[in-house]
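In: Predicted model and sequence below, questions to follow.
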Amino acid sequence: QVQLVESGGGLVQPGGSLRLSCAASGFTLDYYAIGWFRQAPGKEREGVLCISSSDGTTYYADSVKGRFTISRGNAKNTVYLQMNSLKPEDTADYYCNAHDRWNDYWGQGTQVTVSS
């Protein structure tokens, strides 16, 4: 069964850090481009960052540059999103996406709340 499962969300104070995980089953993440998206209440889903399948090139939204990092833990078929210096405006449901030219998989999301 093909599945993506995010974990690691929660409540954190402004300036704090969280690491989200995206674990795949039923397929190998190595061959897919991976993206993290987020959707804040009342807003559209937006792309946060992604990593290519070919050479590991990463792309970041301006709003998270210098604060968020995406990395692959290929040995464990998992991708991580390290979020540092979190701001209240980072509050959202975060979703993992894996895609190639034939398939497009989404996880169920994990909630991140940045609040004091």
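Out: Structure received.
In: Can you list the strands that the helix or strand bottoming out on mean pLDDT in the chain pairs with?
Out: Lowest by mean pLDDT, DSSP states H and E among the helices and strands of the chain is strand 68-73, with a mean of 86. Sheet pairing here is set by DSSP bridges, and for strand 68-73 it gives strand 78-83 (antiparallel).
In: now the strand it pairs with: mean pLDDT?
Out: For strand 78-83, mean pLDDT is 94.
In: so what's the residue most central in space within the chain up against?
Out: Against the mean C-alpha coordinate of the chain, by CA atoms, centre = their mean, the closest residue is residue 36 at 3.2 Å. Residues in contact with residue 36 (CB atoms under 8 Å, 6 or more residues apart in numbering) are 20, 22, 47-50, 68, 70, 81, 94-97. Yep, even glycine has a C-beta here, placed from its N, CA and C like the rest.
In: Now, of the residues you listed, which are buried?
Out: Buried by 16 or more other CB atoms under 10 Å: 20, 22, 48, 49, 50, 68, 70, 81, 94, 95, 96, 97, out of the contacts of residue 36.
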